[in-house]
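Peer 1: Predicted model and sequence below, questions to follow.
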Amino acid sequence: MLPLVAGVLVLVGCAVVLEVVSYRALELIPSVATEEFPEIDRELLGKFSSFDPELGWCPQPNREKQKDTGDHLPGEEVRSVVTYATDEYASRVCPAAERDPDAELTVSTYGDSYCFCREVDNDETFQHYLAAELDTHVANYGGGNYGLDQALMRLKRQYPDDPTDHVFMVVTASSIARILSVWKHYQEFGNVLAVKPRYVLKDGELERIDSPVDEKTDLLDLESKADVLREYDFHYDHWFKPHFATRPYTAAFLERNEHVRYAAYTVGKELERRLGRSLPGIDFDLAQTQSALRLERPRVRYHERLFETHEFLFDALVEEFVDYAAERGFEPTFVLVQQLRYATYESEHGPIHGDLMERLEERYDALTTIDMATHLIPDDGDVESLYVERGEGGHYSPETNAEIAQVLAESLERRAVVE
């Protein structure tokens with residue numbers, strides 16, 4: 001009897017250990033949610049310097065920040081510390097040309113982190129290269145993790161203080177998900193500080209839903225705003241709940257082989273960090289990035305479906321951009337750029353945005369549209385070569401930004417000829 005009891009206790013103990021280890025492993029995996037309301041401590045909140053009660057977050061004026069993109073292995077010299085700096089308008093600085101209120105041509109850009117040009121220096125952004133080509137300042141009002149909705153809100157707030165002849169709206173296809181979001185954590189698990197306003201369509205008209213967070217300290221008790229967050233964030237029901245891990249955690253962890261691989265690569269990276277040197281035989285950073293891209297496939301397919309079910313909201317936001325251009329008297333250009341996670345998928349399945357660009361081009365005579373993926377085609381077909389090699393995984397390289405600048409410059413030239 002005693003051996004049987006001992007055996008049962010051992011099995012129970014092993015099961016408990018497996019559950020704990022599996023839960024900890026699930027916490028490492030970006031495609032799995034383990035908590036609806038993770039604790040936000042005041043130290044983390046204090047680092048959230050970009051908080052903006054109107055937009056959710058926004059680059060601040062006259063700031064300079066250096067960021068290690070991760071382009072090095074443990075023990076190696078840091079090779080890729082990039083510098084982000086903003087001017088008095090909170091536009092990223094444009095080293096190629098100073099602001100000139102009397103310039104014959106003025107240009108500004110709004111959008112997401114691909115507009116801001118994360119992971120490259122100030123003199124490696126497409127705005128810098130475009131300014132050098134045009135010999136005029138190009139403002140950069142990109143915001144990390146912005147959707148078309150926030151970019152449009154920032155345009156309306158900023159444009160009266162910094163009017164330009166031309167405005168490029170530069171976003172990725174992930175905007176289709178971002179415009180349906182109020183709390184990023186419901187679709188990008190762990191992004192707990194990002195609470196934002198959004199637009200909804202009511203009787204065919206855009207209606208703005210303000211952010212439920214008025215003060216930064218409100219983020220410490222988001223659970224008290226659960227009803228509002230769940231009601232207005234589309235992803236709560238359609239993405240968060242289906243990806244929320246429940247007991248038994250061991251089964252949830254072992255459900256996909258990719259979970260095990262990603263966790264193993266993450267542990268390997270942490271071991272290298274602690275040892276201060278790389279381990280022979282495997283590049284854990286590269287392996288983790290590739291694993292993350294595989295884990296992203298379901299999210300890409302989810303976004304593809306959103307373009308089928310919510311194109312009406314996306315189109316309404318573009319129409320608002322066109323109408324605002326007519327009201328303010330600038331030339332609008334809508335530019336769709338391609339994230340790395342989409343590039344690999346679309347090379348096999350076609351664009352996830354369907355006929356969006358053709359539809360916009362036919363609908364709005366005053367709008368210029370540019371699908372950047374059709375202009376950035378590597379000779380060897382390796383789409384990954386368009387992006388930074390390491391780091392946060394998927395922003396355009398300086399060389400690609402230079403190509404983008406040429407495409408935009410040619411677009412402005414064609415428009416000038418037509419006019």
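Peer 2: Nice, I can see it.
Peer 1: I'd like the distance between P3 and L9.
Peer 2: With the distance defined as CB to CB, to the nearest Å, P3 ends up 11 Å from L9. C-beta here means a position set from N, CA and C on the backbone, and glycine is covered the same way.
Peer 1: Of these two, which one has the most company?
Peer 2: Set side by side, P3 and L9 show unequal neighbour counts under other CB atoms under 10 Å, the larger going to L9 at 10 against 7.
Peer 1: Could you report the pLDDT at the more buried one?
Peer 2: For L9, the model assigns a pLDDT of 84.
Peer 1: Please name every helix or strand in contact with the helix or strand where it lies.
Peer 2: Secondary structure here is read from DSSP states H and E; on that basis L9 sits in helix 2-28. Judged by 3 or more CB pairs under 8 Å, 6 or more residues apart in numbering; DSSP states H and E, the packing partners of helix 2-28 are helix 249-254, helix 257-275.
Peer 1: check contacts around the residue nearest the centre of the chain.
Peer 2: With the centre of the chain defined as its mean C-alpha position, the nearest residue by CA atoms, centre = their mean is N145, 3.8 Å away. N145 makes contact with 57, 112-113, 178, 184, 188, 191, 194, according to CB atoms under 8 Å, 6 or more residues apart in numbering.
Peer 1: Tell me how far it lies from A264.
Peer 2: In this structure, N145 lies at 28 Å from A264, with CB to CB as the measure.
Peer 1: what's the answer for E119, then?
Peer 2: Taking CB to CB as the measure, E119 and A264 are separated by 26 Å.
Peer 1: Next: E54.
Peer 2: For E54, the distance to A264 - CB to CB - is 43 Å.
Peer 1: Report how many residues lie close to R301.
Peer 2: Applying other CB under 10 Å, we find 13 other residues in the vicinity of R301.
Peer 1: Please, which helix or strand holds it?
Peer 2: For R301, the host element (DSSP H and E) is helix 284-309.
Peer 1: And that helix, what does it pack against?
Peer 2: Using 3+ CB pairs under 8 Å, 6+ apart as the contact criterion, the neighbours of helix 284-309 among helices and strands are helix 175-178, helix 257-275, helix 340-349.
Peer 1: Let's see that with 10 Å instead.
Peer 2: Contact here means 3 or more CB pairs under 10 Å, 6 or more residues apart in numbering; DSSP states H and E; on that basis helix 284-309 packs against helix 175-178, helix 257-275, helix 311-328, helix 340-349.
Peer 1: so how far is Q339 from D233?
Peer 2: D233 sits at a distance of 21 Å from Q339 (criterion: CB to CB).
Peer 1: try V8
Peer 2: In this view, V8 and Q339 are 51 Å apart by CB to CB.
Peer 1: Neighbour count for those two, which is higher?
Peer 2: Between V8 and Q339, counting by other CB under 10 Å, Q339 is the more crowded of the two (23 against 10).
Peer 1: these two touch, right, that one and Y114?
Peer 2: Yes: under the contact definition of CB atoms under 10 Å, Q339 touches Y114, with a separation of 7.4 Å.
Peer 1: okay, and the common contacts of these two?
Peer 2: Taking CB atoms under 10 Å, 6 or more residues apart in numbering as the contact criterion, the residues that touch both Q339 and Y114 are 172, 174, 394-396.
Peer 1: Columns distance to D382 and neighbour count on top of these, output as TSV?
Peer 2: TSV is the format used below for these (distance: CB to CB, whole Å; neighbours: other CB atoms under 10 Å):
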residue	distance to D382	neighbour count
T172	20	25
S174	22	23
G394	14	25
H395	17	22
Y396	14	27
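Peer 1: and the residue nearest to the centre of the chain, helix, strand or coil?
Peer 2: Reducing the assignment to helix, strand or coil with DSSP: H, G, I helix; E, B strand; the rest coil, the entry for N145 is coil.
Peer 1: I'd like the distance from it to S175, if you could.
Peer 2: Counting by CB to CB, the separation of N145 from S175 is 11 Å.
Peer 1: Quick check: neighbours shared by these two?
Peer 2: Counting by CB under 10 Å, 6+ apart, the common neighbours of N145 and S175 are D112.
Peer 1: in the helix or strand of the chain with the lowest mean pLDDT, what counts as buried?
Peer 2: For the chain, counting by mean pLDDT, DSSP states H and E, strand 64-68 ranks last in confidence among helices and strands (a mean of 83). The neighbour-count check on strand 64-68 (16 or more other CB atoms under 10 Å) flags nothing as buried.
Peer 1: again with stretch 250-264
Peer 2: 250, 252-253, 256, 259, 261-264.
Peer 1: Quick one: end-to-end length of stretch 82-92, please.
Peer 2: From its first residue to its last, stretch 82-92 covers 13 Å (CA to CA, to the nearest Å).
Peer 1: Same question for stretch 206-223.
Peer 2: Its first and final residues considered, stretch 206-223 spans 28 Å by CA to CA.
Peer 1: now swap in stretch 376-385 and tell me
Peer 2: Separation of the first and last residues of stretch 376-385 by CA to CA is 10 Å.
Peer 1: same deal with stretch 246-259?
Peer 2: End-to-end distance of stretch 246-259: 15 Å, with CA to CA as the criterion.
Peer 1: And for stretch 197-206?
Peer 2: According to CA to CA, stretch 197-206 extends 13 Å from its N-terminal end residue to its C-terminal end residue.
Peer 1: pLDDT averaged over it - what is it?
Peer 2: Mean pLDDT, computed over stretch 197-206, is 97.
Peer 1: now do stretch 411-419
Peer 2: On average, stretch 411-419 scores 82.
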